[in-house]
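Asks: Sequence and computational prediction follow.
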Amino acid sequence: MPPAAEVAAIRDLTVTAGGVRCVDGVTLTVAPGERWGVVGPSGAGKSLTAAAVAGLLPPGTCAGGSVRIADRELVGAPEAARAGVRGRGVALVAQDAATALHPLLSVGRQLAMPLRRHQGLDRAAARTRVAEALAAVDLPAELARARPSQLSGGQRQRVVLAAALACRPRLLVADEPTAALDGPVARSLLDHLDRALAASGTALLLVTHDLGVLAAVCEQVVVLADGRVVEAGPVRGVLAAPEHAVTRELVEAARLSVPEVRA
Amino acid sequence: MSFTLAGVTRRYTVPGDRPWRRVVRTALDGLDLEVPAGRDLAVVGASGSGKSTLLRVLLALEAPEAGTVRFRGEVVTPRRPGALRRAVGVVAQDPGSSLDPRLPVGASLREPLECAGVPGDHGERVAELLDAVGLDPAVADRRPAAFSGGERQRIALARALATRPAVLVADEPFSAVDPTTRRRLVTLVGHLARASGTRLLLVSHDLGIAQRLCADVAVLAAGRVVETGPIDDVLARPSADATRALLDAVLGVEVP
């Protein structure tokens, strides 16, 4: 079989947790370099969809359907097979940088870990790549010696982003990467994300409930409600003419955060 | 509500570059702020600008190293909060941790009334409060775990308003809930504050919500008030870099 053109092919994905079907038949294809946003209200199944695509569903959940990354099936595959896809195939940026980083290890050691594990680099090669990874998110190479507690929230999330991009994945899955950041810090993280993705050609699957965040970095969007796709298409089109009530509600909510500035 | 803060400085000792080192961080740096009576004020600023410290000092929960906090002309301190405690209701950011998980929510609502020495068993007032925030009074015997985040924030709001305070102080009350719930809560807070004649002191990083709920704004940066005035004017003609940075950071949705 020839290698698939797409970065991720999700077909009829279902995720059941505690007897409840939280994701119910999601289908989505991500082409190389494409940027998709997954939006929806709380409990719509956004985060579980993202976790399934990253091959990191929490224990106690059960997935059905199909998620293919780099021609490998993740649904039903053992952890060893899913781990082989992570790093080069797909990488995850989680919501809370404070818990995503080990508090006692230096930033440099944490960034080197995925490089050594997924790419088998030796210490010296990993050190070079760590400096590159930090530079990609505009952090100085000296920061490799710092521990997470010495960094600001925004810097920490940039380190998590650098770690996810260090192995040059084809797809980055980001679950509410700016939820714990406010105003200017969130904006700056999105700018870094935008530039890093443009430089590496990495595709994006971004989970958010904030349409402002969506509009800042994504081109395409799927709207989830009760685990199903209720609307999908180009971001501008969907925001300009939302068809589903859930989408309209999200647009109204996003407008609330935009101040009216009269000259 | 009439708070006057003059030359308020508050410093904290925080972890340094080595586990055994500590450094002193100045959260408030000689801050001056006048909150006139009869106005709703939004305090905005980026992370680390001193918003939460300002609230703790203003509520006389912490004493500043320098400067004074006055409420209605009287100096207030943690030991002598004077009329402050009775006059102010507080809603915190995280409804998950601001309600006692072991208490039925009815008991949580009754508590401030008992502390204030209001006579009676408060059953009627509790039902009235739950109804005001759009919850069925029959839920009073449930514990916080039985409610969603948005419902818990409603209960926290009801609790803050239980004693009919003159001022409602809210620290980022909308940031921990999803956008749909946020929109309903913003409407509810505006409605309840107007209905009860309670003045609002809102700490937020969301300029849009600040503008919808408050007529005045104070912009914080590096522990000082860098700009203050009617919020419409300040947003239309910002004079401080910090205000411009907050405006630039707004993630708009371009909707025709």
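Replies: Sure, I can see it.

Asks: Spell out which residues of chain B are next to chain A.
Replies: B:15-17, B:46-48, B:148-149, B:175, B:178-183, B:186, B:205-212, B:232, B:235-236, B:245-256 (Cβ under 8 Å from any Cβ of the partner chain). C-betas here are computed from N, CA, C, even on glycine.

Asks: Check the secondary structure at residue A:37 for me.
Replies: strand (DSSP: H, G, I helix; E, B strand; the rest coil).

Asks: quick one: contacts for it?
Replies: A:206-208, A:214, A:217-218, A:220-222, A:235 (Cβ atoms under 8 Å, 6 or more residues apart in numbering or on different chains).

Asks: would you turn those residues into a markdown table with neighbour count, distance to chain B and pLDDT?
Replies: Formatted as a markdown table, the contacts of residue A:37 follow (neighbours: other Cβ atoms under 10 Å in any protein chain shown; distance: Cβ to the nearest Cβ, whole Å; pLDDT from 0 to 100):
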| residue | neighbour count | distance to chain B | pLDDT |
| --- | --- | --- | --- |
| A:206 | 27 | 13 | 97 |
| A:207 | 28 | 12 | 96 |
| A:208 | 25 | 10 | 93 |
| A:214 | 26 | 8 | 95 |
| A:217 | 22 | 10 | 95 |
| A:218 | 22 | 12 | 96 |
| A:220 | 20 | 16 | 97 |
| A:221 | 25 | 12 | 97 |
| A:222 | 22 | 17 | 97 |
| A:235 | 22 | 9 | 96 |
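
Asks: from those, which ones fall inside helices?
Replies: A:214, A:217, A:235 (DSSP state H).

Asks: Kindly state the pLDDT recorded for residue 213?
Replies: I'll assume chain A. Residue A:213 is assigned 93 on the pLDDT scale.

Asks: Let me rephrase: I mean chain B.
Replies: pLDDT, residue B:213: 95.

Asks: Run a quick neighbour tally on the residue lying closest to it once chain neighbours are set aside.
Replies: For residue B:213, ignoring the flanking residues on the chain, the nearest one in space by Cβ to Cβ, 6 or more residues apart in numbering or on different chains is residue B:190 at 5.4 Å. Counted by other Cβ atoms under 10 Å in any protein chain shown, the residues lying close to residue B:190 total 16.

Asks: now residue A:94
Replies: 21.

Asks: Can you tell me, leaving aside adjacent residues, what's nearest to it?
Replies: Per Cβ to Cβ, 6+ apart, closest to residue A:94 is residue A:100, 5.0 Å.

Asks: My guess is the one you found contacts residue A:56. True?
Replies: No: with contact defined as Cβ atoms under 8 Å, residue A:100 does not reach residue A:56; the gap is 11.9 Å.

Asks: roughly how far is stretch A:114-126 from the heart of the chain?
Replies: Offset of stretch A:114-126 from its chain centre (Cα atoms, centre = their mean, to the nearest Å): 23 Å.

Asks: If you count neighbours, what's buried in that stretch?
Replies: Neighbour counts over stretch A:114-126 (16 or more other Cβ atoms under 10 Å in any protein chain shown) mark A:114-115, A:118, A:121, A:126 as buried.

Asks: where does residue 3 land on pLDDT?
Replies: Unless you meant another one, I'm taking chain A. 53.

Asks: that answer is for a different chain, and I need it for chain B
Replies: 94.

Asks: measure residue B:216 to residue A:6 for me?
Replies: 53 Å (Cβ to Cβ, to the nearest Å).

Asks: Residue B:9 now?
Replies: Residue B:9 is 58 Å from residue A:6, by Cβ to Cβ.

Asks: neighbour count winner among these two?
Replies: It is residue A:6, of residue B:9 and residue A:6, that has more neighbours when counted by other Cβ under 10 Å, with 20 against 16.
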